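In: Based on what follows, work out the 3D shape:
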Amino acid sequence: MPHSISHVFQGVLLQNGLVTAFAAVGIVMWLSSRLSRWLTFGRVHASAIAIVIGLLLAYYGGIATGKEKGLADLSLFSGIGLMGGAMLRDFAIVATAFEVQVTEARKAGLVGAIALLLGTVLPFIVGAAVARAFGYSDAVSMTTIGAGAVTYIVGPVTGAALGASSDVIALSIATGLIKAIIVMVGTPMAAGFLGLNNPRAAMVFGGLAGTVSGVSAGLAATDRRLVPYGALVATFHTGLGCLLGPSLLFLATKAVVG
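Out: Numbers count the residues shown, from 1 in each chain. Now for the predicted structure:
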């Protein structure tokens, strides 16, 4: 009897993959919030811990199945592939804009635009320089890894457009993830020094930091009211980076390295 009940329960989970995915993510977030409170006393935001747990689960999924979609390759968690896809991701990003007050957003003005441009170009230069230091001397690889330093979405988009190899694209994603985690963990610690206590400062910070996930989690640990403002400007990094990466930034890199 217990075996039949577990079999029926497993069947329900398999037939409702997206619901199962939401439940799994909810459990991970609950566990992450407890670990954040118990182990770090709230200094490391739960989102940062959840991303680390997610990466470990994805690694386990790849090892267990030998495939490339991480935990989504396990039939029980196939819904995670849909939940983590572009549709819901873009919906979540766009949804942050609805909490923004236009009067506050206008205050960023030219400063916000400059921060957005600097937050795109400077990480690219650092990423490309690190790539060169580790032996990637061709313009395509340097541009792809440099674009990954902007965000982990810009990297693979740029790499695919330029015809970069799969290992270079993977490195660009890893670079963006490391940056996101650093921003998540570092934002609450540096909030006082950076003056992150108003919407304008949050928008400038979002423009300079550039990673939506890192900025959102970092500001959530600092002041939840600032999240929409930081995420609003940081969101533009994806579009701006995808526009500049395969074009102007690649041509500039090619002109420098030949």
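In: List the contacts of the spatially closest residue to Lys67 that is not a sequence neighbour.
Out: Nearest residue to Lys67 in three dimensions, chain neighbours excluded: Asp73, at 4.1 Å (CB to CB, 6 or more residues apart in numbering). (Each C-beta comes from the backbone N, C-alpha and C, glycine too.) Contacts for Asp73 (CB atoms under 8 Å, 6 or more residues apart in numbering) come out as 61-62, 64-65, 67.
In: mind running it again at 10 Å?
Out: By CB atoms under 10 Å, 6 or more residues apart in numbering, Asp73 lies in contact with 58, 61-62, 64-67, 80-81.
In: any idea how far Glu68 is from Ser166?
Out: 10 Å (CB to CB, to the nearest Å).
In: Also Asn16?
Out: Taken as CB to CB, the span from Asn16 to Ser166 is 33 Å.
In: Please say which of these two ends up with more neighbours.
Out: Asn16 (13 against 10; other CB atoms under 10 Å).
In: how many neighbours does the closest residue to the more buried one other than its chain neighbours have?
Out: Nearest non-adjacent residue to Asn16, counting by CB to CB, 6+ apart: Gly79, 7.6 Å away. The tally of other residues near Gly79 (other CB under 10 Å) stands at 21.
In: residues near Leu248, how many?
Out: The burial count for Leu248: 11, using other CB under 10 Å.
In: For it, which residues are in contact?
Out: Val121.
In: And what about it, helix, strand or coil?
Out: Secondary structure assignment for Leu248 (DSSP: H, G, I helix; E, B strand; the rest coil): helix.
In: Next, find the distance separating it from Leu82.
Out: For Leu248, the distance to Leu82 - CB to CB - is 35 Å.
In: Same question for Val121.
Out: Distance from Val121 to Leu82, by CB to CB: 35 Å.
In: Neighbour count: those two, which is higher?
Out: The neighbour comparison of Val121 against Leu82 (other CB under 10 Å) goes to Val121, with 18 against 13.
In: mind listing the helices for the stretch 101-250 of the chain?
Out: 102-105, 109-133, 139-150, 154-162, 166-194, 199-209, 212-222, 227-244, 250-257 (DSSP state H, counting those that start in this stretch).
In: Next, format those as a markdown table and append distance to Ala23.
Out: Formatted as a markdown table, these follow (distance: least, CB to CB, whole Å):
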| stretch | distance to Ala23 |
| --- | --- |
| helix 102-105 | 35 |
| helix 109-133 | 36 |
| helix 139-150 | 31 |
| helix 154-162 | 29 |
| helix 166-194 | 24 |
| helix 199-209 | 31 |
| helix 212-222 | 21 |
| helix 227-244 | 24 |
| helix 250-257 | 43 |
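In: right, and those helices - which one's nearest Ala46?
Out: Each of the helices of the stretch 101-250 of the chain has some distance to Ala46 by CB to CB; the shortest is helix 212-222, at 8.1 Å.
In: Packing partners of the closest one?
Out: Helices and strands touching helix 212-222, by 3 or more CB pairs under 10 Å, 6 or more residues apart in numbering; DSSP states H and E, are helix 46-65, helix 86-95, helix 166-194, helix 199-209, helix 227-244.
In: Pick out the shakiest of the ones you listed, pLDDT-wise.
Out: Of all those, mean pLDDT reaches its minimum on helix 86-95 (a mean of 62).
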